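A.B. asks: Sequence and predicted structure below; questions after.
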Amino acid sequence: MNNKVLGKLIWLGIAVLGAWALGSIATHRGETINAIWFVLAAACVYLVAFRFYSAWVAAKVLTLDGTRATPAERFNNGRDFVPTNKWVVFGHHFAAIAGPGPLIGPTLAMQFGYLPGTIWILVGAVLGGCVQDMVIMFCSTRRDGRSLGQMARDELGPVGGWAALVGTMMIMIILIAVLGLVIVNAMYQSPWATATVLGTIPVAMLIGIYMRGIRPGRVLEGSLIGIALLILCVVGGGWVDHSEAIRGWFDWDKMSVAWFVMIYGFAAATLPVWLLLAPRDYLSTFLKLGVVFLLAIAIVYIHPDMKMPALTRFIDGTGPIFKGDLFPFVFITIACGAISGFHSLVSSGTTPKLLANEKEIRMIGYGSMALESFVAIMAVIAACVLDPGVYFAINSPAGVVGKVAADAVAKISSWGFPVTAEQMQALATEMGEKTLFARTGGAPSLAVGMATIFSKTFGGTLLAVWYHFAIMFEVLFILTVLDAGTRVGRFMLQDMLKHLWKPIGDVSSYPATVASSLVFVSAWGYFLVQGVRDPLGGVNILWPLFGISNQLLAGIALSVATGIIVKMGRAKYAWVTGLPLTWLAVVCTTAALEKVFSPNPGVGFLAAASDLSAQLAAGTLSAERSASAPQLILGQRIDAALALLFAALLWVVIIDMLRVSLRFVRGQPVLPLAEARYIETRLDAALASSSAHA
Amino acid sequence: MRPEMPSPRLERPSGAGRMERLGADSRRGQLLRTPANTGWRLMQAVWRFVRQVSGDDAYERYRDHILQAHPGQPAMTRTAYYRFRTEQKWNRITRCC
């Protein structure tokens, strides 16, 4: 009894502490605010939400049943269906969902100030993202581990299934293009970064050969050797940068880096996986988990002051990093970290095949997403520890602030964020770069923030090495999505095209592989090149498109989930997924319509296209810009069509879900609930949960 | 909420081998409870966890599964299993943004 009272008191304490921390953040009016408030507020919000909301959803809405045998138990084949220790599944699931998105989106969204982004990350995660991941994992587990697309087809019908398929394909194309653009902006004219990243490719191949031929399957050994070699690559990159004779070879312009990214994507999708893709993924996963863990410790240890104001003047839509009002664009810019539709693809199909007990869905689905959301909070902190002037100088494209340092600092200072050319030069020298002006895309400013935090933690030295370590970490992270995405995208394309021409669907045929990889790489390469050519740096075009497509996928997942909840006879709880779905529908539709029809050429694709054609016709463009203008105009029109397609797909699925739900509630016939029938578990639940001692 | 199942069952189905082993280990750990022993067992548990989560012991687990669940059936070799697992893992979406 006493323990119960103590437990309640502890939870009350956590709730009060969280409310106090949140209140301090929201009402704070001073020059700086300490980052520890953000860590505290976030931790308390996740803990309370996990303890109470997720428990309620698990018990009342989903009624997770520990006695029901999971697909892993029923189909245990020792390969993909394997009942696995829940902490191990948690590790796998977190490693799978945590990508570069929650690091980059929040960094870009800090142009509005820290407050809107932070609130959205916390609220969006506990009410939206975590719920989505958990419910979809539940649905897939009850359906023998089926994928989101299959569930949409089984539960809603062919229209929903088809929309899910097209939506997934589209998000992959836009996602890879925008992440490629982030790499381009981190690597161009930086011999150190370029040499380091190039060095990681032979390292990965070496480890691939080691793990397949020399010591088959010894993952830990291979990865440890690989990580040591990666650190050598960072140091070696510095050596290249200091050697006048060699550095020129690695001093690439933006278009060369873009070509490198495309060739890499093609190679990784067509080479055998064991040679490049798999070993590089092992390395980047180890690095990813290590760095995230280290960053959390470092932030708590040095608890830096955050210098960004709570709100900036750019909530009016005139921001330099991307144009558009606070609503809806903060909710589009931060997708991963708050709610990420892409997670529904891992939560269905992959992770459910490992679950030993249904009850673990709560910790693995809800808990992993809460942890990813915390990664986004760390990105917020890393962006806000920079002087706002420095943050804007790094992230503002030259097309907005000007190519010359003096112009840029004058413009940024005039916004009320003082910064000097000397300060930027000193920072660039410290970080081992020639200049840090207009290094858009979020990765470089995040790297500067991380390098500052890490270097302070370890005695204030080696800033340049930490900076390039952080860049390598981000690029490896992104390459993981890029090559795995290209490969899966190629399979999906082959699967679709085989209905038109059978031989293209043969995944073991080399010509079919090469042809479909070429088509898929060209698709994302088109948008990447468009981003590189864009005088405003490309982020303004591609990141909102990516956000909209990711939220579209979340909308599809939440629609499938809502439909299933209604068909389970729990319509009174449909708001659990219906509420985030409604919000996403509003945000996504508003953002898509603004991106297409806004008369402001900074926001609207069509306005930008007609603005550029008017300038071209009037002959006011430079010779260089006139040459690229027709392609840019066409590109903007294609972007407009895409944004409209995304919004239309979302509404097709929502309306389909509403149709099915209404029919069910009225007692009319609908597709039956495709849930697998109940079989009692024969795995001993007591032993299964006690095995979680590790 | 339904209570978790308390009693160990006599009949064990195929595939429960690992759970059984992990559970048995933790129970054995309670028999000899000296500080040095606890520390050693904790380190072993951490090491087992790291090996499992990284996939380092995937082959041993697969081989045990085949031996227990399908005795008499030949298991793949370590090299063949690694190749198979790598191919299989990268044929679907396993990484997010």
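C.D. replies: Structure received.

A.B. asks: How about the contacts made by residue B:67?
C.D. replies: Shown in contact with residue B:67 (CB atoms under 8 Å, 6 or more residues apart in numbering or on different chains): residue B:75. For every residue, glycine as well, the C-beta is placed using N, CA and C.

A.B. asks: for the helix or strand hosting it, what is the average pLDDT?
C.D. replies: Using DSSP states H and E, residue B:67 falls within helix B:58-69. Computed over helix B:58-69, the mean pLDDT rounds to 91.

A.B. asks: how about it: buried residues?
C.D. replies: Using 16 or more other CB atoms under 10 Å in any protein chain shown as the test for burial, helix B:58-69 gives B:58-59, B:61-66, B:68-69.

A.B. asks: Next SSE downstream of that helix?
C.D. replies: Later in the chain than helix B:58-69, the nearest helix or strand by DSSP H and E is helix B:78-89.

A.B. asks: related to what we said a few turns ago, can you tell me which of the buried residues of helix B:58-69 are up against chain A?
C.D. replies: When contact is defined as CB under 8 Å from any CB of the partner chain, the buried residues of helix B:58-69 meet chain A at B:58-59, B:61-62, B:65-66, B:69.

A.B. asks: Columns distance to residue A:391 on top of those, output as TSV?
C.D. replies: TSV is the format used below for those (distance: CB to CB, whole Å):
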residue	distance to residue A:391
B:58	44
B:59	48
B:61	47
B:62	49
B:65	52
B:66	56
B:69	57
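
A.B. asks: Nearest to chain A among the residues you listed?
C.D. replies: Nearest to chain A among these: residue B:65, at 3.4 Å, using CB to the nearest CB.

A.B. asks: In CSV, could you pull the C-alpha coordinates for the lengthiest helix in chain B?
C.D. replies: Determined from DSSP state H, the single longest helix within chain B is helix B:35-54. Output of helix B:35-54 as CSV, limited to C-alpha atoms (Å, rounded to 0.1, in the frame of the first residue of the first chain):
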residue,chain,number,x,y,z
PRO,B,35,29.1,-8.7,-5.1
ALA,B,36,31.8,-10.0,-7.4
ASN,B,37,29.5,-12.6,-8.8
THR,B,38,26.7,-10.1,-9.4
GLY,B,39,29.1,-7.7,-11.1
TRP,B,40,30.4,-10.5,-13.3
ARG,B,41,26.9,-11.7,-14.2
LEU,B,42,25.8,-8.1,-15.0
MET,B,43,28.7,-7.7,-17.3
GLN,B,44,27.9,-11.0,-19.0
ALA,B,45,24.3,-9.9,-19.4
VAL,B,46,25.4,-6.6,-20.9
TRP,B,47,27.7,-8.4,-23.3
ARG,B,48,24.9,-10.8,-24.3
PHE,B,49,22.6,-7.9,-24.9
VAL,B,50,25.2,-6.1,-27.1
ARG,B,51,25.9,-9.2,-29.1
GLN,B,52,22.2,-9.8,-29.6
VAL,B,53,21.2,-6.2,-30.5
SER,B,54,24.1,-5.9,-33.0
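
A.B. asks: That one packs against which elements?
C.D. replies: helix A:86-97, helix A:219-242, helix B:17-29 (3 or more CB pairs under 8 Å, 6 or more residues apart in numbering or on different chains; DSSP states H and E).

A.B. asks: Past the shortest one, which element shows up next along the chain?
C.D. replies: Pointing back at helix A:86-97 there. Past helix A:86-97, the next helix or strand by DSSP H and E is helix A:101-109.

A.B. asks: just the longest one next, same as before
C.D. replies: With elements assigned by DSSP H and E, the helix or strand that comes after helix A:219-242 is helix A:244-247.

A.B. asks: Now do that next one: distance to the chain's middle.
C.D. replies: Counting by CA atoms, centre = their mean, to the nearest Å, helix A:244-247 is centred 36 Å from the centre of its parent chain.

A.B. asks: Next, the buried residues of the helix or strand just after it.
C.D. replies: Next in sequence after helix A:244-247, counting helices and strands by DSSP H and E, comes helix A:254-270. Within helix A:254-270, the residues scored as buried using 16+ other CB under 10 Å are A:254, A:257-262, A:264-270.

A.B. asks: still on that earlier bit, using CSV, list the CA coordinates for the helix holding residue B:67.
C.D. replies: Below are the C-alpha coordinates for helix B:58-69, written out as CSV (Å, rounded to 0.1, in the frame of the first residue of the first chain):
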residue,chain,number,x,y,z
ALA,B,58,22.6,-14.1,-34.9
TYR,B,59,24.1,-17.2,-36.4
GLU,B,60,24.4,-19.0,-33.1
ARG,B,61,20.7,-18.2,-32.4
TYR,B,62,19.7,-19.5,-35.8
ARG,B,63,21.7,-22.7,-35.4
ASP,B,64,20.2,-23.3,-32.0
HIS,B,65,16.7,-22.8,-33.4
ILE,B,66,17.2,-25.3,-36.2
LEU,B,67,18.8,-27.8,-33.8
GLN,B,68,15.8,-27.5,-31.3
ALA,B,69,12.9,-27.0,-33.6
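
A.B. asks: what number of residues lie near residue A:652?
C.D. replies: Neighbours of residue A:652 under the rule other CB atoms under 10 Å in any protein chain shown: 18.

A.B. asks: ok, now residue A:313?
C.D. replies: The local packing of residue A:313 (other CB under 10 Å) involves 14 other residues.

A.B. asks: you'd agree residue A:319 is up against residue A:110?
C.D. replies: No. Look at residue A:319 against residue A:110 with CB atoms under 8 Å: they stay out of range, at 10.1 Å.

A.B. asks: quick one: which of these two has more around it?
C.D. replies: With neighbours defined as other CB under 10 Å, residue A:319 and residue A:110 compare such that residue A:110 has more, 31 against 27.

A.B. asks: got the contact list for that one?
C.D. replies: For residue A:110, the contact set (CB under 8 Å, 6+ apart) comprises A:117, A:308, A:380, A:383-384, A:391.

A.B. asks: What about those residues, which one has the most neighbours?
C.D. replies: residue A:117 leads the contacts of residue A:110 on contacts (other CB under 10 Å) with 31 neighbours.

A.B. asks: Would you mind measuring from the nearest residue to it once chain neighbours are set aside to residue A:242?
C.D. replies: Setting aside the residues directly before and after it, residue A:117 is nearest to residue A:109 in space (CB to CB, 6 or more residues apart in numbering or on different chains), at 4.3 Å. Distance, residue A:109 to residue A:242, using CB to CB, to the nearest Å: 36 Å.

A.B. asks: Compare those two (neighbour count), which wins?
C.D. replies: Taking neighbours as other CB under 10 Å, residue A:109 and residue A:242 compare with residue A:109 leading, 34 against 12.

A.B. asks: How much space separates the more buried one from residue A:325?
C.D. replies: From residue A:109 over to residue A:325 the distance is 13 Å, taken as CB to CB.

A.B. asks: now the strands for the stretch 351-500 of chain A?
C.D. replies: Remark: no strands are assigned in the stretch 351-500 of chain A by DSSP state E, counting those that start in this stretch.
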